[in-house]
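Asks: model this:
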Amino acid sequence: MDLYYALLIERSWKKLKHELQKELYRLGYDITVDQWVIIYELYTKGTLSQIDLATNTYKDAPTVTRIIDLLLNKGYVEKVPCPVDRRKFRISLSQKGREMVGDFHPHLMAFRRKGWTNLSEEDFYTLQRLMNQIFDNFE
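Replies: Numbers count the residues shown, from 1 in each chain. Next up, the predicted model:
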């Protein structure tokens with residue numbers, strides 16, 4: 001029985017990720033959902049270290065490093081050495097990255113609304129509570 005619920009969560013996440021990827025490509029954005037997660041984290045939190053990005057997005061450090069390198073090559077982020085520790089870097093959105101978020105955000109909101117079709121506000125809060133509890137059970 002427990003496995004069934006885990007499969008439902010995984011199935012829903014994979015479908016959501018697949019559909020969001022299709023939407024990004026449909027709109028002409030040459031980024032993956034994982035790259036979008038990093039971009040959006042920088043948009044909402046500002047300049048961050050690679051370690052903070054990895055922690056905040058629940059991705060391992062090598063994955064975040066690869067994503068940052070790809071986003072640097074595409075011009076969406078900027079990377080500058082940390083003034084206190086030259087071995088570390090501070091990552092922030094470039095002007096191109098900020099413009100992309102501004103352009104994509106209305107599409108993201110429509111995408112989210114589609115996902116919540118036929119769900120009540122109470123459903124949303126119940127799901128949020130349940131997902132947070134499952135997460136907290138592993139803390």
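
Asks: and the end-to-end length of stretch 78-98?
Replies: 11 Å (Cα to Cα, to the nearest Å).

Asks: Pull the distance from stretch 23-39 to the chain's centre.
Replies: 10 Å (Cα atoms, centre = their mean, to the nearest Å).

Asks: and residue 91, that one's in a strand?
Replies: Yes: the assignment for residue 91, made by DSSP: H, G, I helix; E, B strand; the rest coil, places it in a strand.

Asks: does it really touch residue 82, like I thought?
Replies: No: contact criterion Cβ atoms under 8 Å: residue 91 and residue 82 do not qualify, at 10.3 Å. For glycine as for every other residue, the C-beta is placed from the backbone atoms N, C-alpha and C.

Asks: Return every residue with contacts to both of these two.
Replies: Common neighbours of residue 91 and residue 82, using Cβ atoms under 8 Å, 6 or more residues apart in numbering, are residue 49.

Asks: Name the residue in these two with the higher neighbour count.
Replies: Per other Cβ atoms under 10 Å, whichever of residue 91 and residue 82 has more neighbours is residue 91, with 21 against 12.

Asks: quick one, what contacts the more buried one?
Replies: Residues near residue 91 by Cβ under 8 Å, 6+ apart: 42, 47-50, 53, 68, 77-79.

Asks: Tell me the helix or strand right after whichever helix in the chain runs longest.
Replies: Looking across the chain with DSSP state H, the single longest helix is helix 2-26. Proceeding N to C from helix 2-26, the next assigned helix or strand is helix 33-45, under DSSP states H and E.

Asks: Not counting its own residues, what contacts that following helix?
Replies: The contact list for helix 33-45, computed with Cβ under 8 Å, 6+ apart, reads 17, 20-21, 24, 29, 31, 48, 52-53, 56-57, 59, 63-64, 67-68, 70-71, 76-77, 91-93, 97-98, 100-101, 104.
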